[in-house]
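Trainee: from the sequence below, what's the structure:
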Amino acid sequence: MPPSYPPNFPATSAAHQQPPQLSSSRRRPRVDSHSDPDTNDNTTRTAASNNLGKRPRGEYTFSPSAQLPTPHQQDPFQPTMSAKAQGKRPEVIDLTQNSSPGRPFNSSYGGGGGGRPGGITGLQPHLGPRKLVIKNLRQTTSTQRAGADEYYTRTRADLDNALDAIFAGRPTGEPMELLYRGVEDLCRKGEAESLYNRLKDRCDRWLTSDDGIGQLRKEVTANTTHFNVIEVTAALMGVYRRWNARMLIVRKVYSYLDRSYLLLQSTIGKEDKGRQGVNDMAISLFRKAAFGPRSATKALPLGVMVLRGMITLIMQEREDQEREQIPGGLDRVQLLKDSVTMLKVFGVYGKFFEPWFLEHSYEFYKEFAEQKSESCGLRDYIKHIDALLKREEHMCDFYGFDSTTKRQLLQDAHGVLITKYSEKLLDTGSVAKLLEAEDVPSMKALYQLLKLSGLQNKLKEPWDSYIRKTGSAIVSDTARGDEMVIRLLELRRSLYVMIRDAFDQDEVYSYGLRESFGGFMNDSKSTSAWGTGTSKVGEMIAKYIDMLLRGGLKTLPKSLLSDNKDKAIAERSGLAAAGDEDSELDTQLGHALELFKFIDGKDTFEAFYKKDLGRRLLLGRSASQDAERSMITKLKGECGANFTHNLEQMFKDQELSRDEMTSYKTWLAGTGKATKGGVDLTVKVLSHSAWPTYNDVKVTLPKEVLEQTTSFETYYQAKHTGRKLTWKHNMSHCIIKARFDRGPKELSLSAQQGSVLMLFNDVPDDTPLSYSQISQSTSLTGAELDRTLQSLACGKSRVLSKAPKGRDVSPTDTFTVNRAFADPKFRVKINQIQLKETREENKETHEKVARDRQLETQAAIVRIMKSRKTMGHAQLVAEVINQTKARGAVDPGEIKANIEKLIDKDYIEREEGNYVYLA
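Mentor: From the prediction side, this is the model:
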């Protein structure tokens, strides 16, 4: 064997050594230059033909006529690397480069041994041009051609057999890889189109055979009414599943055809639509066999049966009917989902199924609405419609219907179920029943249903009607006048919860609530039942606030207290803290103030509120001073500073009185007069103009107290000359220390109660005092004495014993000290039995409000005429109403009567139909 040499290492053998034999190769023959110009061409061809059976493996080649290198010449035995060994760089020999005499010609890769490995020169000037010889040229023989034809024939047969096995559900005789390579070889040979046609024909023949849908299609075509449409749908889906499973294997075998030839064919321009891929071909064949070609305007009988089966499944789902068992135990839900997917794949969903489905759905909605509207009330109708719409929407999402189908389906449902039956949904009487029952879920469902059709604002009319009717009934109910405000607040609370939870805080309904409340609370027809002439609602709101400020939250029903949602909203807004009692009290006062905003007769509210506030401040009955001041601030913000001027003055008098008492104590200590009888006197000096007037009750105080009051009166008149003090003993209270058998106690009493108990200090123990004796000593008579004695002897804390026993007091009764009195508390408060406001007192207060309103009206007329000088009657009445509406609504007839009074007093006069101001 010829020697081999490592790369880039010069050979040392003689020039006559033979080159190594070349191995056979399936590659193209390599083109190289021969170093010997005298070598015969035939010899070269013979050598090349002898080496056809071997493939070159990168051995070193030598020129047959190579000579030993000279000092200026590359060694011809220098081994060269093949193109593969050089990183697959092509061997380029430059035969056009010239070199100077005496210098060898070098290749384009470098010369002088410093360039390409091996340094072989393609042309040497002193030897002349060289010949190009193609080595390893292999010729195809007839034997080889016959072998190739046999291979292709066998491959076609193998593919046909494989298709038969695949469609029959058997394993293929040849490995999948060999089948895949056979498809590749046929495609490379140029038989791609023929192969595609054979595949398509074979698939079509199986699909239309009895194993496919041929038998099913024949039976359905022959008699379309005999078969169960659901069973036909299930049978077709079974064939479709088998078809997909078989075509999945076919696609793997023919994937080379699909990715090369068919992919290129499918991208051809519009003039030639090209070939379908294997998957598209499978879809097209099945669609054509079951539903007809894409261009068909009507589905084949088999396709119609499938569509009917799908509609039947949907209707059974809607009507919740008992479902028949599908042969094979197939799941109906999965069958319908797969059927919808199949229609989408075939491209017949929007063409055949959607119109038919929408048509049947529309008819179903009509029958459903007609049936439910006749047999159900509003609550049940709303329930059924809401449930149906939710099921329809879920069905569209669950079964994968297109968004266009879902949108059109719900539009049809809204039009039939809601818009067409809007009169039933908006019936005033039916809506009122739901509101009265506080049925938030039904009202929320009703609101959402109307909102779907854009009819939600039409619900405002029955909403306003219910509020006005219910509110008017509450205001005009004279039998339950004490509960008026609580009932109004409960009504407002229920409506607020309805707006919050059912109407999504819709401002339309909030505005309707305010408008309706203002309407019935100021309606003269509703308030005329009381016969007061002024706002009865204003009076009751003032009394409700008085109850709230005296008793706190314990006086309220639980239905008015804030729930968790209200507390969460308050916390988010930073207005209050959840669970804070003071904040809850402030919230409830705010709710009462909301009612106050609706009324026009604010002067009536002011009169009663001022009267109750005085009692709370003087008797120390306020539950919270902070709440009192907060309420004044709220009223000031609502009605202005003029409205609350006197109310604020009442609080200032309280502060001034404390300062006055500090000064009095200092004066008393400076005069050297010690407190006599252990009496510690505290006096509150009030300004007469700011405080309400109270009825005087004559009572004779104990002498120890009289001495202290005389001392204070002397001090005050000396300090403030020209002022007169009027004592209101019936508004006073005291604390008396008492000793009982079970220990000492401190009794918190009114002045009348204290005067009665102090009488027993002047009689021996266990000596009774008669009713008449107590009356003579205290100057108390009639109902006032009865209330006082009843609170001491018949109440919860009985410090006196009455004989005979009983709950009522009579003039023949006698009273003694109850030495066995006991109470767990050291300081015991004995409440005076309060008389309810009499009808005469209430009437007097309303009459005073009416008189003040007349004077305010006359003052407004004079102010207007003084600024305008001349005005017409209509203009003057309108201006007076505008200026006095903040205090209370004035009837135009009353304004006219006051104008007449001012004319009589010569403030204004008539002149040519107008009023003229007289200076």
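Trainee: now residue 401, what's its secondary structure?
Mentor: Three-state assignment for residue 401 (DSSP: H, G, I helix; E, B strand; the rest coil): coil.
Trainee: what do you get for residue 698?
Mentor: Of the three states, residue 698 takes coil under three-state DSSP.
Trainee: and for the residue lying closest to residue 649 once chain neighbours are set aside, the neighbour number?
Mentor: Nearest residue to residue 649, sequence neighbours excluded (Cβ to Cβ, 6 or more residues apart in numbering): residue 690, at 3.8 Å. The way it works is simple: take the backbone N, C-alpha and C, and place the C-beta from them, glycine included. For residue 690, the neighbour count with other Cβ atoms under 10 Å is 17.
Trainee: just say helix, strand or coil for residue 690.
Mentor: Quick answer, by three-state DSSP: residue 690 is coil.
Trainee: got it, and residue 736?
Mentor: Using three-state DSSP, the structure places residue 736 in strand.
Trainee: who does the nearest residue to it once chain neighbours are set aside bridge with?
Mentor: Spatially, and ignoring its direct neighbours in sequence, residue 736 is nearest to residue 747 (4.9 Å; Cβ to Cβ, 6+ apart). Beta-bridge pairing for residue 747 (DSSP bridges): residue 736, residue 828.
Trainee: on that earlier part again, quick one: residues contacting the residue nearest to residue 649.
Mentor: Listed by Cβ atoms under 8 Å, 6 or more residues apart in numbering, the contact set of residue 690 reads 646, 649-650, 653.
Trainee: give me that answer again for 6 Å
Mentor: 646, 649-650 (Cβ atoms under 6 Å, 6 or more residues apart in numbering).
Trainee: rewinding a little: what residues are up against the residue nearest to residue 736?
Mentor: Residue 747 is in contact with 736, 738, 828, counting by Cβ under 6 Å, 6+ apart.
Trainee: pLDDT value on the first one, please?
Mentor: With respect to pLDDT, residue 736 scores 91.
Trainee: what distance do you get for the residue nearest to residue 649 to residue 617?
Mentor: 11 Å (Cβ to Cβ, to the nearest Å).
Trainee: quick check: closest non-adjacent residue to residue 430.
Mentor: In space, and not counting its chain neighbours, residue 430 is closest to residue 378: 3.7 Å by Cβ to Cβ, 6+ apart.
Trainee: so how far is residue 424 from the one you found?
Mentor: For residue 378 relative to residue 424 (Cβ to Cβ), the value is 7 Å.
Trainee: and the two? Which one has more around it.
Mentor: Just comparing residue 378 and residue 424: by other Cβ under 10 Å the higher neighbour count belongs to residue 378, 20 against 17.
Trainee: that one against residue 431, yeah?
Mentor: No - using Cβ atoms under 6 Å, residue 378 is not in contact with residue 431, being 7.2 Å away.
Trainee: on that earlier part again, of the contacts of residue 747, which is the nearest to residue 803?
Mentor: Using Cβ to Cβ, residue 738 comes nearest to residue 803 of the contacts of residue 747, at 20.3 Å.
Trainee: what's the local residue count around the closest one?
Mentor: Quick note: residue 738 (other Cβ under 10 Å) scores 16 neighbours.
Trainee: how about residue 417?
Mentor: Residue 417 is flanked by 26 other residues according to other Cβ under 10 Å.
Trainee: these two touch, right, it and residue 385?
Mentor: Yes - the criterion here is Cβ under 6 Å, and residue 417 meets it with residue 385 at 5.0 Å.
Trainee: weed out the non-buried ones from the contacts of residue 690.
Mentor: Taking 16 or more other Cβ atoms under 10 Å as the criterion, what is buried in the contacts of residue 690 is 646, 649-650.
Trainee: contacts made by stretch 386-395 with the rest, please.
Mentor: residue 445.
Trainee: and for stretch 725-737?
Mentor: 618, 697, 699, 713, 746-751, 754.
Trainee: ditto for stretch 202-216
Mentor: Stretch 202-216 has contacts (Cβ under 6 Å, 6+ apart) with 163, 167, 235, 239, 285, 289.
Trainee: what's the farthest-apart pair in the residues you listed?
Mentor: Counting by Cβ to Cβ, the most remote pair of the contacts of stretch 202-216 is 163 and 235, 23.8 Å apart.
Trainee: nearest residue to the spatially most central residue of the chain in space, please, no chain neighbours.
Mentor: Nearest to the mean C-alpha position of the chain, by Cα atoms, centre = their mean, lies residue 504 at 9.2 Å. Spatial nearest neighbour of residue 504, chain neighbours left out: residue 447 (7.5 Å); criterion: Cβ to Cβ, 6+ apart.
Trainee: same question for residue 589.
Mentor: Once flanking residues are discounted, residue 589 sits nearest to residue 631: 5.6 Å by Cβ to Cβ, 6+ apart.
Trainee: what does residue 612 give?
Mentor: Excluding the flanking residues, the one nearest residue 612 by Cβ to Cβ, 6+ apart is residue 546, at 3.8 Å.
Trainee: show me where this structure has its strands.
Mentor: Per DSSP state E, the chain carries strands over the ranges 31-33, 132-134, 733-740, 743-750, 769-770, 800-803, 814-817, 827-829, 870-872, 908-911, 914-917.
Trainee: quick one: mean pLDDT for the shortest one?
Mentor: Regarding strand 769-770, the rounded mean pLDDT is 90.
Trainee: each with direction, which strands does it pair with?
Mentor: Here strand 769-770 has these sheet partners by DSSP bridges: strand 814-817 (antiparallel).
Trainee: return the set of buried residues in the partner strand.
Mentor: Quick answer for strand 814-817 (16+ other Cβ under 10 Å): 815-817.
Trainee: so how far is residue 220 from residue 235?
Mentor: Residue 235 is 9 Å from residue 220, by Cβ to Cβ.
Trainee: again with residue 747
Mentor: 104 Å.
Trainee: got CSV for the buried residues of strand 814-817, with distance to residue 408 and pLDDT too?
Mentor: Output for the buried residues of strand 814-817, formatted as CSV (distance: Cβ to Cβ, whole Å; pLDDT from 0 to 100):
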residue, distance to residue 408, pLDDT
815, 90, 92
816, 93, 92
817, 92, 91
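Trainee: residue 636 contacts residue 643, correct?
Mentor: No - counting by Cβ under 6 Å, residue 636 does not reach residue 643; the two are 7.0 Å apart.
Trainee: can you get me a residue count around residue 390?
Mentor: There are 11 residues near residue 390, going by other Cβ under 10 Å.
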